[in-house]
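1. fold the following.
(2 chains)
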There are 2 protein chains.
Amino acid sequence: MKGGVITIGNEILKGRTVNTNAAEIGRVMYFSGYEVFRGIVVPDDPQEIAYAFRECLNVCDVIISSGGLGPTFDDMTIPAFAKAFNLDLKLDDYYYNRIKESFSRLGLPMTEERKKMAMIPENSTPIENNVGSAPGIECTIQGKRVFILPGVPAEMRSMLKVIGKKIKLSDSFYSEKSIVVKGIYESTISPLVKRIMREHGNDVYIKTHPGMENGVSVIEIEVSAKSKREDEAEKNAENVLKEIEEECRKLSNP
Amino acid sequence: MKGGVITIGNEILKGRTVNTNAAEIGRVMYFSGYEVFRGIVVPDDPQEIAYAFRECLNVCDVIISSGGLGPTFDDMTIPAFAKAFNLDLKLDDYYYNRIKESFSRLGLPMTEERKKMAMIPENSTPIENNVGSAPGIECTIQGKRVFILPGVPAEMRSMLKVIGKKIKLSDSFYSEKSIVVKGIYESTISPLVKRIMREHGNDVYIKTHPGMENGVSVIEIEVSAKSKREDEAEKNAENVLKEIEEECRKLSNP
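-> Alright, predicted model coming up:
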């Protein structure tokens, strides 16, 4: 099963904000058993938001977006999403009252901007926001699950925790382990990595992350193993890592 | 003019690595005068890499990618890009000899994996890598400029510095300034932001970044101003920020 991650916001595109949301979402998807397959970042623009959802729906089974759920003029993810998939927007009484009350307690009136946060597309379920005002949205489109989360990291994170359990696949597990080797070049290890991956078929993936420390090559070798059983994924990753460690020792001391 | 940012690598999608490259590239594009319009992250997969370039070429004038230029089996950006746009790959003698010599100095032979890094698509110009082995690539496709950089941040960064000057638009400048206001809610400021933006037309953009500190609302208000002249962009951003500051003061002490 494939996962797609959408990030909405000019601040991400122009690099004012580093996209930690996408990394956190990818992490949760991966450990929920999904192959994270596509990431799209779009500006606060309804057409581009629609584009991102369509492109991810083409290839992914689960899509999680973050950004654009607040009260400002450029928070437009929900209306753009609703329009793209012909969903009516409806005022959710529960959230309307909740938002009204929370601002009322601060001596502030209900305004159009605050009301906007209680507008929910039809056939959708709001996701509780325990940190801020705007609820998230869960919706099924073309048989695929879409989760729309706020961009504020603390709000996003609180919802992501719940979603991770919700989307967890019961027959797909990943395990990820790594070692660091020094004094060997990536291009030296490369044929070895290729051979070991071929021997293990599609269930093991090896990635090397090269670096330098004081002029000495330092490589992190990362092994991801996939299995229908959690303990098997763990064990496979461990075994492959041991095999690589052994081979690297031979390369260092031929 | 629009800019597109492509990131290639499973490690980014699954959140093992936070996409700081995309942020750094976006930053450079933005301050070179471009509207950063689209970001795509794809796995180490030739079809998906081709997809990313095609999707960005549809809407962007300048595209910068990072990732997938090294010696390992899953470094496939250059061959995938070349295949997607029917470009032959040619061995670059200068880079072949350079890579050969640098490994020879370490007592290591030239291998297929190392040779791979000297393969350059036709109609392309290699970009000097002062930090690692694999050169970057500059190529014009459909009249648009494409830059293909390595994923290792230090290598990417050294090339990006040069590219930033190369792509700098002489008639497009951005200035970005911000202030932090406390004790006012984003939904309170929202109508004010909308009004000021409308008054200034398309050349000013205001974005609010909400947060909380010890139960008190803290908002960073960020003003971006665009102009054909650098000093004008600066001045516009400053003036709008002053206007907002004044209005916020009124909101706090009505």
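2. tally of neighbours for residue A:112?
-> By other CB atoms under 10 Å in any protein chain shown, 10 other residues sit near residue A:112. (Each C-beta comes from the backbone N, C-alpha and C, glycine too.)
3. distance of it from residue A:188?
-> In this view, residue A:112 and residue A:188 are 63 Å apart by CB to CB, to the nearest Å.
4. pLDDT wise, what is residue A:200 at?
-> Residue A:200 carries a pLDDT value of 89.
5. nope, residue A:208 is what I meant
-> If you check residue A:208, the pLDDT there is 92.
6. right, and it touches residue A:187 too?
-> No: Residue A:208 is beyond contact range of residue A:187, at 9.8 Å (criterion: CB atoms under 8 Å).
7. overlap in contacts of those two?
-> Taking CB atoms under 8 Å, 6 or more residues apart in numbering or on different chains as the criterion, residue A:208 and residue A:187 both touch B:70, B:72.
8. of all of the stretch 101-250 of chain A, which residue lies closest to chain B?
-> Nearest residue of the stretch 101-250 of chain A to chain B (CB to the nearest CB) works out as residue A:187 at 3.7 Å.
9. which residue sits closest to that residue, ignoring its sequence neighbours?
-> Nearest non-adjacent residue to residue A:187, counting by CB to CB, 6 or more residues apart in numbering or on different chains: residue B:71, 3.7 Å away.
10. OK, contacts around that neighbour?
-> A:186, A:187, A:190, B:113, B:114, B:116, B:117, B:133, B:134.
11. hmm, residue A:100 is touching residue A:110, no?
-> Yes: if you go by CB under 8 Å, residue A:100 and residue A:110 touch, sitting 4.6 Å apart.
12. on that earlier part again, which residues touch the one helix or strand the residue of the stretch 101-250 of chain A closest to chain B maps to?
-> Assessed by DSSP states H and E, residue A:187 sits inside helix A:186-200. For helix A:186-200, contacts defined as CB under 8 Å, 6+ apart pick out A:181, A:204-206, A:208, A:210, A:217, A:219, A:221, A:236, A:240, A:243-244, A:247-248, A:251, B:70-73, B:103, B:108, B:111, B:113-114, B:117, B:133.
13. repeat that for 7 Å
-> Helix A:186-200 is contacted by residues A:204-206, A:208, A:210, A:219, A:240, A:243-244, A:247, A:251, B:70-73, B:108, B:111, B:113-114 when judged by CB atoms under 7 Å, 6 or more residues apart in numbering or on different chains.
14. pairing partners for the helix or strand following it, with directions?
-> The element immediately downstream of helix A:186-200 (helix or strand, assigned by DSSP H and E) is strand A:204-213. Strand pairing for strand A:204-213, determined by DSSP bridges: strand A:216-227 (antiparallel).
15. just the C-alphas of the strand it pairs with, formatted as PDB.
-> Extracted C-alpha coordinates of strand A:216-227, given in PDB (Å, rounded to 0.1, in the frame of the first residue of the first chain):
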ATOM      1  CA  VAL A 216      37.900  10.600   6.300                       C
ATOM      2  CA  SER A 217      34.900   9.000   4.500                       C
ATOM      3  CA  VAL A 218      32.000   8.200   7.000                       C
ATOM      4  CA  ILE A 219      29.100   6.200   5.700                       C
ATOM      5  CA  GLU A 220      25.900   5.400   7.400                       C
ATOM      6  CA  ILE A 221      24.500   2.100   6.000                       C
ATOM      7  CA  GLU A 222      20.800   1.900   6.600                       C
ATOM      8  CA  VAL A 223      18.800  -1.400   6.100                       C
ATOM      9  CA  SER A 224      15.100  -1.400   5.800                       C
ATOM     10  CA  ALA A 225      13.300  -4.800   6.000                       C
ATOM     11  CA  LYS A 226       9.700  -5.300   5.100                       C
ATOM     12  CA  SER A 227       7.600  -8.300   6.300                       C
END
